[in-house]
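[1] Task: produce atomic coordinates for the following.
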Amino acid sequence: MYKLNIVRSDKVYLGLLDEDHENKSKYFKDKLLKYFKEKFDIQGIPFEGDKLGFDALKLLNMTHISPEEFNSKNTSEIALLNDDFWNDCKLYIEDSIKQFEKNGIESRIDEYNFTVLLGDSTKPTMYLNKNYGGDGGIPGYIFISMVPNQYTLDRVKSAIAHEINHNIRYQYIKWDGGSLSELIISEGLAENFVEKMYGKKYLGPWVTEIDWDKQNNNIKNTIKKNIDINNMFEAMPYLYGDEITRMQGGTTVGLPHAAGYTCGYYLIKYYLEKTKCTIEDATIKSSDEIINEVNEFWNTNIN
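    Coordinates of the predicted model:
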């Protein structure tokens with residue numbers, strides 16, 4: 001049986017209001033990010049600043065409201081993260097893990113750490129994704145990023161299901177460093193799991209915002225030609241699309257926002273229909289196993 005550690009970020013954010021400006025980052029790290037230090041260590045992201053001053057918090061600040069930016073204007077959003085909200089999050093996490101357990105896929109770790117970080121609606125990685133998202137690729141660590149409002153609060157359960165799918169996958173599958181095939185397959189698995197849990201209504205904007213009927217030829221052709229890319233730096237533009245790539249100073253590849261997510265969703269849907277495999281069992285299959293079964297998917301006449 002696993003332990004679920006819910007880190008109440010609402011209390012930490014409100015605590016920032018009583019801290020001096022120069023102490024806010026340290027307070028945020030000591031009260032919240034310390035529970036995720038191992039995650040950042042595994043990812044090679046320094047918890048304390050490196051020679052250039054880069055650290056985990058600076059990375060998070062690219063998407064979220066930084067500790068220094070947080071002020072009394074944000075308290076109405078934080079008020080939405082009340083006791084009922086956190087109780088619901090606990091239930092959503094447990095429901096997703098139980099879905100795997102019902103299909104014979106047990107959790108292989110003893111503890112999960114979970115929190116919610118306050119997104120900044122002015123930052124592209126938030127507004128391009130309708131102000132919510134998450135991070136769950138390192139087993140035992142999950143956080144949801146969101147600007148709390150009626151829409152995003154309704155999406156918390158699907159965001160959690162998406163990240164739990166990643167979390168379970170990488171308890172069984174060794175991360176390959178970020179090949180393009182692994183990236184699109186892992187995201188496709190996560191969104192098909194969301195659909196299994198909550199229905200198509202809860203698919204993320206990283207799937208629903210693209211008109212697949214009109215754009216699938218270009219997306220499939222571009223990704224298929226580059227499917228053998230085996231490092232994350234080169235693969236990311238195909239996963240995230242040109243808008244994010246351009247904002248990060250990268251080389252664009254002619255793809256709309258989140259094209260790799262959308263392609264992965266339809267690729268996995270094709271795989272599940274062809275093989276009659278369950279989404280739970282597919283989640284713990286290697287990307288090679290899945291790619292080898294979907295040669296026909298790349299035919300531009302097949303969605």
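[2] What is the longest strand anywhere in the chain packed up against?
    Ordering each strand of the chain by length in residues (DSSP state E) puts strand 111-118 first. Applying 3 or more CB pairs under 8 Å, 6 or more residues apart in numbering; DSSP states H and E, we find strand 111-118 packed against strand 3-6, helix 9-16, helix 83-102, strand 141-146. Using the backbone N, CA and C atoms, a C-beta is placed for each residue, glycine as well.
[3] Go through these and name the closest to E191.
    Nearest to E191, of all those, is helix 83-102, at 13.3 Å by CB to CB.
[4] sorry, back to before: average pLDDT for the longest strand of the chain, rounded please.
    Mean per-residue pLDDT for strand 111-118: 98.
[5] so where's the protein shaky on pLDDT?
    300-303 (pLDDT under 70).
[6] Next, the buried residues of stretch 196-207.
    Neighbour counts using 16 or more other CB atoms under 10 Å place 197-198, 202-207 of stretch 196-207 among the buried residues.
[7] and the residues you listed, which of them are in helices?
    Counting by DSSP state H, the buried residues of stretch 196-207 place 197-198, 205-207 in helices.
[8] Identify, from these, the entry nearest to D84.
    Y198 (18.7 Å).
[9] What is the neighbour count of the residue lying closest to K24 once chain neighbours are set aside?
    Distance criterion CB to CB, 6 or more residues apart in numbering; nearest residue to K24, sequence neighbours excluded, is P67 at 3.9 Å. Neighbour count for P67, taken as other CB atoms under 10 Å: 24.
[10] For P67, grab phi and psi.
    P67 adopts backbone torsions of phi -50, psi -40, taken as degrees, to the nearest 10.
[11] measure it to K224 for me?
    43 Å (CB to CB, to the nearest Å).
[12] do the same with E69
    42 Å.
[13] again, but for I105
    The value you get for I105 to K224, if CB to CB is used, is 30 Å.
[14] any idea of the angle the helix or strand harbouring D154 forms with helix 83-102?
    Using DSSP states H and E, the element containing D154 is helix 150-172. Per axes from the mean of the first three to the mean of the last three CA atoms, to 10 degrees, the angle that helix 150-172 makes with helix 83-102 is 40 degrees.
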